[in-house]
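Trainee: no sequence on hand, only this structure:
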């Protein structure tokens, strides 16, 4: 078989060219492209670590801002509580002043009414004394036929009323 006998002659040259092609492929791809791939991977790793560092810085800044907002909110709440408390105190003072004014006004009205009542009662008592004195004069005149002086009748009525009051 002639094909089998040619294998030995062509086999050595094919192995030679195979080694040269694989060597070229190794040096071109292995040395040339591998550096580009490694450079791309390194750039990607740097970009990712830079992004992670930026994200961490942004997170820290966000926490700082949130803490500042929380502190500002607490300060605002405390200020609102102070304002509310001051308003309550002012309203209480105002209400107390109004109550005192109303109390003073009602006391003055009551005193005026009591004076009017005392005046009216004294006037009524004077009239009652006068009517009682006249009645006493009429009763004594009818029963005994004697006439009693108006001064003596008034004195007797006052004495009798004083005993009743006591």
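Mentor: That came in fine, so what should we check first? Keep in mind it's a predicted model, so treat the numbers as computed, not measured.
Trainee: switch to C-alpha atoms for all contacts and neighbour counts from now on
Mentor: OK.
Trainee: so for the longest helix belonging to the chain, mean pLDDT?
Mentor: Using DSSP state H, we find that the single longest helix of the chain is helix 34-144. Mean pLDDT, computed over helix 34-144, is 92.
Trainee: name the residues of whichever helix or strand comes after it that are buried.
Mentor: Along the chain past helix 34-144, the next helix or strand (assigned with DSSP states H and E) turns out to be helix 150-165. By neighbour count on 16 or more other C-alpha atoms under 10 Å, the buried set for helix 150-165 is 153-154, 156-158.
Trainee: center of the protein, which residue is that?
Mentor: Nearest to the geometric centre of the chain sits residue 81, at 5.8 Å (C-alpha atoms, centre = their mean).
Trainee: and which of the buried residues of helix 150-165 is nearest to residue 11?
Mentor: residue 158 (167.6 Å; C-alpha to C-alpha).
Trainee: identify the residues contacting the closest one.
Mentor: By C-alpha atoms under 8 Å, 6 or more residues apart in numbering, the residues touching residue 158 are residue 129.
Trainee: from the middle of its chain, how far away would stretch 19-28 be?
Mentor: Its chain's C-alpha centre and that of stretch 19-28 lie 82 Å apart, by C-alpha atoms, centre = their mean, to the nearest Å.
Trainee: quick one on the thing from earlier: by how many degrees do the longest helix of the chain and helix 150-165 diverge?
Mentor: 130 degrees (axes from the mean of the first three to the mean of the last three C-alpha atoms, to 10 degrees).
Trainee: which other helices and strands does helix 34-144 contact?
Mentor: Contacts defined by 3 or more C-alpha pairs under 8 Å, 6 or more residues apart in numbering; DSSP states H and E place helix 34-144 against helix 150-165.
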